[in-house]
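Asks: this is a predicted model, with the sequence first.
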Amino acid sequence: MSESKKERATSWPLGAAAGRRPARAVPGLWSHSLRGFGDALAAWAEADFAPGRLLPWLPLAFGAGIAVYFAADHEPSPWAAVGLTVVAAALTITVRARPAAFPIMLGLAAASAGFTVASLRAAAAAHPVLSRPAYLGLRGWIEVREERERSDRIVVHIPSVAGVTVSGRPLPERVRVAVRKGMAPPVGSFVAFHARLTPPIEPLRPGGYDFARDLYFQKIGASGFVMGHITPQAPPSPPRISLRIAAALAGMRDAIDQRIRTAVAGDEGSIASALITGKRDAISKPVNDAMYVSSLAHVLSISGYHMAVVAGVVFFFLRAGLALVPTLASRYPIKKLAAAVALAVASFYLLLSGAEVATQRSFVMLALVLVGVMLDRPALTFRTLAVAAFAVMLLSPESIVQPSFQMSFAATLALVAVYQQPQWLRPNADSSLGMRAAFWGGRELAALALASLVAGLATTPYAAYHFHRLAPYGVLANLLAMPIVSFWVMPAGILGVVALPFGFDGIFWRLMGQGIVWMDAVALWVAGLPGAVGRIAAFGVGPLLLGTAGLILICLLRSPLRWSGLAAAAAASLWALAAPLPDVLVAPDGRSIAVRGASGLLSVAKGGGTDFAANDWLAADGDGRPADDPSVRKDVACDSAGCIARLADGRRIALSLSPQAFEEDCRGDAVVVTPRQGPHDCAALLIDRDRQRRTGAVALIRRGKDFELIPARSRGYDRPWAPVADTTDAGAQIDAPQPSDATPRPQDLQVGD
């Protein structure tokens, strides 16, 4: 043993004789102990951040830069961001010979590059955004058509019309509107219609999801609903080539969707179509809710799992078939050929399914894996994941704030970390064939359970943050359902697509439907178990970031330092559970409020519009009641002038809908909320139209007799998807009807793996 190791071994308290340690030896003992611990920390850090292990950290730094961009209060200058990146890159090159400074500067340069990419992406996506409700006659091309349970929805590209403005601003380039069920023309049609449009939906509460931001990067400047009929018209010019391709693919999807639903009725047909074509909007609410509660909702969104199954089935059977031909197997690289064909099939599946953002992300990851097979490179590593993350963030940096991105990469990161551990449950070489089969089956079941558990734990913080619910029985549901989906449902769907041109696809769709019956039964059974719906109140972004840091430490580190991630995850959980609940919530338009009464539950009062905000508030409160439950309005008294609700301490909160109510409400209530311009001499805390246009939605938390006001937008907030309010057209917001079926749903957030 070396002298340093001997010294380290005798420096710990257990190395001294019991009862013989002199008092003066304690400081020296602690000094040696701390020095030994410091040496251990240095050795661990050197092992975790050694050359060759930094690549997975670069996309994290890149993503952090993107997150900083979205946290800004006003739009950064793209050119300033470019300049910062150039300076950071130059400094990184300058210190490349310094082992400590180089990785730090490289991380800062990656973060700066992420900030710059997000800035440039927002500048490239710049387009007009509707600033107030309007009733307009529109003409344009249908680019997207979606079927929903009670209506259809279309995205219309409006050709630029010189001189046409709304409130002095140019007409939006694209609008998303709801239409009556079955009334939406096909993609590629040129149509005319009248629509009631509203600005994109801003967060419904402080910390809530920003739908307007998502629509901005899709270049959609307004949402609403069609009034009357949609009239096909002769187009003013031929459609561009991209629209022709989209129309052809949409026609193919519609044809396959029709064949599937003809062969399989009900929710089974809708789910089968969702798995093949990506059209998941016709699934009934009970089954859809059960899928979310049971943690099987990832099956409904074409993402990593579907891509892997499709490519895996094609790769396995093609390689096995080629191996049966000795000439081909001995002369040609059949493994690489099978990977190339699987990649081509996955590309077709990407286009057929609609190429949504979650599907694109999954395809990039799968393509890297298959290309690695063709180049004889390891298929599933942290490097592969890092390259995939870089590719996705470069193409769509805005996806980093979406739950689908966060959940899919968290699950993949955790699975790769487990995958790289030493192999386990391996039979001896001299085991019998029966023993080998038993071990294989047991290992596959254990691997499935472990994958479900690991992916579920990794995605729990993001499901809790975005959807405010947990899936306690998610592992059980996935263990019961996923083998059937993997080995029955998806292979039958692939055979159905192959047999469709020959007219023999019906039997495969019916087989697919029978497997889906089992999956639906599992989802409904698990959703009915006691405690199946695990709800959690909303919490801030701080616990989410700390939990993410814990996950990264556990997965990327290899030394004992990785277990510090458990401490971070535990602290994040406690922080999330300690988040204060609001006592009053005010909708962005001032027409709805929620008040926490003596029962501790929220009561909702609204002066028109839909229940969309109320449902969001109840979910964020960990409350499972739907907004149309009578108990939600039990403690609210309303008349034509407004509504009154009481806090737990008895103070009144007023929703004033008419000017006549101001005098009484301002004199006797603690808080007055109104969608109108309130009086300046109101004695109560007044939340009126002017304040709402500056702050958006508002939450109030009681602090003794006073209130802490938390706005959804900070003072001076001015981003392209939420431009600073223009007070010149404020009066037009009064009595503006809200779209009843144009609002996004939680599943529109594209949750997937």
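Replies: Arrived safely. These numbers were taken from a predicted model, which means no experiment stands behind them.

Asks: any idea how this structure splits into domains?
Replies: The chain breaks down by automatic domain parsing into domains covering 3-48, 57-124, 134-239, 253-401+483-535, 541-577, 584-717.

Asks: export the ones you listed to a markdown table and tack on mean neighbour count, mean pLDDT and distance to residue 446?
Replies: All C-beta atoms are positioned from the backbone trio N, CA, C, and that covers glycine. Shown next, in a markdown table, are the domains of the chain (neighbours: other C-beta atoms under 10 Å; pLDDT from 0 to 100; distance: least, C-beta to C-beta, whole Å):
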| stretch | mean neighbour count | mean pLDDT | distance to residue 446 |
| --- | --- | --- | --- |
| domain 3-48 | 12 | 51 | 29 |
| domain 57-124 | 18 | 92 | 31 |
| domain 134-239 | 18 | 86 | 37 |
| domain 253-401+483-535 | 19 | 86 | 13 |
| domain 541-577 | 17 | 92 | 20 |
| domain 584-717 | 19 | 88 | 34 |
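
Asks: nearest to residue 476, of those?
Replies: Closest approach to residue 476 among those (C-beta to C-beta): domain 253-401+483-535, 6.3 Å.

Asks: out of the domains of the chain, which is closest to residue 407?
Replies: domain 253-401+483-535 (8.3 Å).

Asks: can you get me the start-to-end distance on the closest one?
Replies: 36 Å (C-alpha to C-alpha, to the nearest Å).

Asks: parallel or antiparallel, which strands does the longest strand anywhere in the chain pair with?
Replies: Secondary structure of the chain per DSSP state E: the longest strand is strand 134-147. Here strand 134-147 has these sheet partners by DSSP bridges: strand 151-157 (antiparallel), strand 190-198 (antiparallel).

Asks: can you say which of the ones you listed is nearest to residue 652?
Replies: Comparing the strands paired with strand 134-147 against residue 652 with C-beta to C-beta, the closest turns out to be strand 190-198 (30.7 Å).

Asks: for the helix or strand following that closest one, packing partners?
Replies: Sequence order places helix 211-217 as the next helix or strand after strand 190-198, per DSSP states H and E. Using 3 or more C-beta pairs under 8 Å, 6 or more residues apart in numbering; DSSP states H and E as the contact test, the elements touching helix 211-217 are helix 101-124.

Asks: and the helix it packs on, how far out from the chain's middle?
Replies: 22 Å (C-alpha atoms, centre = their mean, to the nearest Å).

Asks: residues contacting that helix, please?
Replies: Helix 101-124 is contacted by residues 49, 54, 57-59, 61-66, 68-70, 75-78, 81-82, 84-85, 88-89, 91-92, 95-96, 216-217, 393-394, 396-398, 720 when judged by C-beta atoms under 8 Å, 6 or more residues apart in numbering.

Asks: please, where are all the helices along the stretch 401-550 of the chain?
Replies: 403-419, 433-467, 474-484, 490-499, 506-527, 541-556 (DSSP state H, counting those that start in this stretch).

Asks: what's the shortest one in contact with?
Replies: This means helix 490-499. Residues contacting helix 490-499 (C-beta under 8 Å, 6+ apart): 256, 260, 272, 275-276, 306, 309-310, 313-314, 505, 508-509, 511-512, 515.

Asks: try 7 Å
Replies: 272, 275, 276, 309, 310, 313, 505, 508, 509, 511, 512, 515 (C-beta atoms under 7 Å, 6 or more residues apart in numbering).

Asks: just the C-alpha atoms of that helix, please, in PDB.
Replies: Taking only C-alpha atoms (Å, rounded to 0.1, in the frame of the first residue of the first chain), the coordinates of helix 490-499 have been written out as PDB:
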ATOM      1  CA  MET A 490     -48.900  -2.900 -33.900                       C
ATOM      2  CA  PRO A 491     -47.800  -5.900 -36.100                       C
ATOM      3  CA  ALA A 492     -51.400  -6.400 -37.200                       C
ATOM      4  CA  GLY A 493     -51.500  -2.700 -38.100                       C
ATOM      5  CA  ILE A 494     -48.300  -3.000 -40.200                       C
ATOM      6  CA  LEU A 495     -49.800  -6.000 -42.000                       C
ATOM      7  CA  GLY A 496     -53.000  -4.000 -42.500                       C
ATOM      8  CA  VAL A 497     -51.100  -1.200 -44.300                       C
ATOM      9  CA  VAL A 498     -49.200  -3.700 -46.400                       C
ATOM     10  CA  ALA A 499     -52.400  -5.600 -47.400                       C
END
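
Asks: nothing else from me, thank you.
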